[in-house]
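Student: my questions are about this predicted structure, shown below with the sequence.
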Amino acid sequence: MEFELHTPESAPEGASARLQAVSDSMGGFLPNLYRQMANAPAVLDAYLDLTDILRKTSFSPAEQQLILLTASVRNGCAYCVPAHTSGARMAKLDKEAITAIRDEQPVPDGRLEVLRRFTEETLETRGKVSAASKQEFFDAGFTQTQSIEILVGIAMKALSNSFARMVETPVDDVLAKLTWDGNDRV
């Protein structure tokens with residue numbers, strides 16, 4: 001059974017206004033992920049609220065996208081990897097860093113590589129990060145606050161990566177050139 005790709009006009013009452021707000025903020029573009037999440041307004045609300053909360057963290061926009069892209073690759077999400085590849089470009093994350101993350105390779109920038117590894121270890125251990133990794137994170141200039149703020153990005157991706165994989169969200173046409181073939185890694 002395919003999940004409907006809603007518009008603000010077709011969405012259930014609890015999702016219509018949120019979809020319209022997203023569309024307005026994105027110049028009329030409405031990502032397929034949001035269009036499908038509208039089938040369950042609470043899911044759409046949760047994802048959009050987490051997105052807003054992540055923006056309030058002390059990570060830069062490029063660092064936020066690094067976290068989201070790293071988690072999406074680790075979670076094997078064929079929809080979210082292209083979406084966050086685009087987001088990372090818009091946030092001015094270095095092209096070599098984006099390519100490395102997509103290919104599951106070390107990021108050339110040492111500080112960003114520490115953030116990538118810390119994100120991966122947090123995911124893989126479900127938060128039981130080693131003392132050595134925490135120290136490396138702090139030595140790279142990240143803060144204790146950031147060591148826990150990272151969980152907001154991971155929570156976002158737990159929701160959206162699982163959702164997109166479950167309902168088989170189609171990649172948006174505008175992201176087709178950024179498709180990713182590593183979705184069988186999980």
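Tutor: Sure, I can see it.
Student: let me know the distance separating Arg74 from Ala40.
Tutor: Going from Arg74 to Ala40 by Cβ to Cβ, to the nearest Å gives 25 Å. All C-beta spots, glycine's among them, are computed from the backbone N, C-alpha and C.
Student: likewise Arg18?
Tutor: 12 Å.
Student: so which of the two has more stuff around it?
Tutor: Arg18 (20 against 16; other Cβ atoms under 10 Å).
Student: next, the more buried one: secondary structure please.
Tutor: At Arg18 the chain is in helix, as set by DSSP: H, G, I helix; E, B strand; the rest coil.
Student: secondary structure element holding the most centrally placed residue in the chain?
Tutor: Among the residues of the chain, the one closest to the centroid is Leu68, at 3.3 Å (Cα atoms, centre = their mean). Using DSSP states H and E, Leu68 maps to helix 61-74.
Student: list of residues touching the helix or strand just after that helix?
Tutor: Once helix 61-74 ends, the next helix or strand along the chain (criterion: DSSP H and E) is helix 80-90. Applying Cβ atoms under 8 Å, 6 or more residues apart in numbering, the contact partners of helix 80-90 are 31, 33, 62, 65-66, 68-69, 72-73, 95, 97-98, 101-102, 157, 160-161, 164, 171-172, 174-176, 178-180, 182-183.
Student: now do the buried residues in helix 80-90.
Tutor: Cys80, Val81, Pro82, Ala83, His84, Thr85, Ser86, Gly87, Ala88 (16 or more other Cβ atoms under 10 Å).
Student: and the helices in the chain?
Tutor: 13-25, 32-37, 41-55, 61-74, 80-90, 95-102, 110-125, 131-139, 144-167 (DSSP state H).
Student: closest one to Met1 among those?
Tutor: helix 144-167 (9.3 Å; Cβ to Cβ).
Student: how about low-confidence regions in the protein?
Tutor: Within the chain, the ranges that satisfy pLDDT under 70 run 183-186.
Student: ok, now which ones touch Ser147?
Tutor: Contacts of Ser147 by Cβ under 8 Å, 6+ apart are Phe118, Val129, Lys134, Phe137, Phe138.
Student: need the max-distance pair from those.
Tutor: The widest separation within the contacts of Ser147 (Cβ to Cβ) is 11.5 Å, between Val129 and Phe138.
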